[in-house]
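Undergrad: Please find the sequence and the predicted model below.
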Amino acid sequence: MGFSYLVMAALLSSSSPISNFETVGEPVPVRALSGDELLRIGDIHDVQNHFPEALTYYEQALQSFRARKQRRGEATALTKIGSVFERQGRRQEAELRLREALSLFSKFPDSASHADAMFLLAKVSFWVGSSEDAGHFLDRAGEQYRRLQRVEALGSVKILSGLLKVRDAFPDKGLADLEQALEDARSRQDDEQTISALLALGDANFILERFEPAKSYYGQSLAFVEQRPQAHIEAGLRFRLAAVHDLAGQPEQGVDSARRAVSLFQSLRNLPGEAAAWSLLASLHQTLRHHQEAEEAREQALSIYRRQQVLVHAIRQSSAALDVIPKGSR
């Protein structure tokens, strides 16, 4: 039950058009943006967690690279698209893009983007419960990061490796790896990876049903996040804290965290996250015998699930009509 909560917690704006202005008189020809330029614009949106906009530019870059048969650029664009899908919790779509990227990267081994694609595929495999694939891609990514001397990336590999060991019945070794990753991040004064290590230690203890240590690590992560607000990280943390309180038999403390998670997911327009948070809030209210509040929260979650089903059906129907759905994805 704990790991299934974590899978939900890890689910973690329409595109802004670029206006072409004209001077008085003859129109000024506008040069089409290159694939690399489109990637850079996508990156600007990505770091701000504007995922729909980022995807728009990454997809345009992908089309540009494909039209020019620039396979390295195509693979890089697919990796970036897979990364966004992974953070949105769209793991099947992420896996499709990342495996396609790896098939292209086989012609361009030893690139940083190749290593990133393998690491992301390891993350996707971990969250869907495929330990063998996760370990395989994690080892390959680690080897490449070592050759490229990417210290921060190797820290991320150690963190995911520690979580994998905890889940696969090697808790002592896994927790030791995570503590080492935390110490390394602190020694480098790398705040972002410090948060990642603290979050992973919370997740590891959550998996092991050690709820008090889990709450402690999540609380330390939250303290960091509150100093430098990052809504998508805080949303996942608030959801985790609410889930810990639920499983620990402390529903009163969980309600506030779940409400905050709902609010954050709404601000991020993350419908899967919002629906999961509403469902958790309904469970907490039900435990407290707040039947009206539980029913209202449950209806909110169901409303989102229904809207998503209608949207997915519409997309599939239109895609089928255009015959653009790849074989095996239906």
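TA: Received, thanks. Residues are numbered from 1 along each chain as shown.
Undergrad: Which strand or helix spans the closest residue to Pro213 other than its chain neighbours?
TA: Of all residues not flanking Pro213 in the chain, Asn205 sits nearest, at 4.2 Å (CB to CB, 6 or more residues apart in numbering). In this view, the C-beta of every residue, glycine as well, is placed from N, C-alpha and C. Asn205 is located in helix 191-207, with elements delineated by DSSP states H and E.
Undergrad: ok, residues contacting the helix or strand just after that helix?
TA: For helix 191-207, the following helix or strand on the C-terminal side (DSSP H and E) is helix 211-227. Residues outside helix 211-227 that contact it (CB atoms under 8 Å, 6 or more residues apart in numbering): 191, 194-195, 198-199, 201-203, 205-206, 233-234, 237-238, 240-241, 244-245, 247-248.
Undergrad: Surely Val244 and Phe206 touch.
TA: Yes. Taking CB atoms under 8 Å as the definition, Val244 is a contact partner of Phe206 at 6.3 Å.
Undergrad: per-residue pLDDT, the residue nearest to Pro213?
TA: On the pLDDT scale, Asn205 is placed at 96.
Undergrad: Quick one: classify Ala235 as helix, strand or coil.
TA: At Ala235 the chain is in helix, as set by DSSP: H, G, I helix; E, B strand; the rest coil.
Undergrad: Grab the nearest non-local neighbour of it.
TA: The nearest residue in space to Ala235 (CB to CB, 6+ apart) is Leu264, at 3.7 Å.
Undergrad: Spatially central residue in the chain, please.
TA: Arg87 (1.6 Å; CA atoms, centre = their mean).
Undergrad: Might one say that Arg140 is in contact with Met118?
TA: Yes. The pair Arg140 / Met118 is scored as a contact, 4.9 Å apart, by CB under 8 Å.
Undergrad: quick one: contacts of the helix holding Asn205?
TA: So helix 191-207 is contacted by 2-3, 5-6, 152, 155-156, 159-160, 162-163, 166-167, 171, 174-175, 178-179, 181-182, 185-186, 211, 213-218, 220-221, 224-225, 228, 233, 236-237, 240, 243-244 (CB under 8 Å, 6+ apart).
Undergrad: go on, stretch 279-286?
TA: Applying CB under 8 Å, 6+ apart, the contact partners of stretch 279-286 are 5, 8, 239, 242-243, 245-246, 251, 254-255, 258-259, 261-262, 291, 293-295, 297-298, 301.
Undergrad: Now, of the residues you listed, which are buried?
TA: Among the contacts of stretch 279-286, those scoring as buried are 5, 8, 239, 242-243, 245-246, 251, 254-255, 258-259, 261-262, 293-294, 297-298, 301 (criterion: 16 or more other CB atoms under 10 Å).
Undergrad: how far does stretch 150-167 sit from the chain's center?
TA: With CA atoms, centre = their mean, to the nearest Å as the basis, stretch 150-167 stands 16 Å off its chain's centre.
Undergrad: Buried ones in that stretch, by neighbour count?
TA: In stretch 150-167, counting by 16+ other CB under 10 Å, buried: 150, 153-167.
Undergrad: Which pLDDT value belongs to the residue nearest to the centre of the chain?
TA: Reported pLDDT for Arg87: 85.
Undergrad: and what of the one 4 residues further on?
TA: Predicted confidence (pLDDT) for Arg91: 89.
Undergrad: pretty sure it is touching Leu121, no?
TA: No. Taking CB under 8 Å as the definition, Arg91 is not a contact partner of Leu121, at 10.3 Å.
Undergrad: if you count what's nearby, which of these two comes out ahead?
TA: Leu121 (28 against 19; other CB atoms under 10 Å).
Undergrad: Quick one: residues contacting that one.
TA: 82, 95, 98-99, 102, 133, 137.
Undergrad: could you redo the last one with a cut-off of 10 Å?
TA: Residues near Leu121 by CB atoms under 10 Å, 6 or more residues apart in numbering: 79, 82, 86, 94-95, 97-99, 101-102, 130, 133-134, 136-138, 140-141.
Undergrad: so where do the helices sit in the stretch 1-150 of the chain?
TA: 2-9, 35-47, 51-67, 71-87, 91-105, 112-127, 131-148 (DSSP state H, counting those that start in this stretch).
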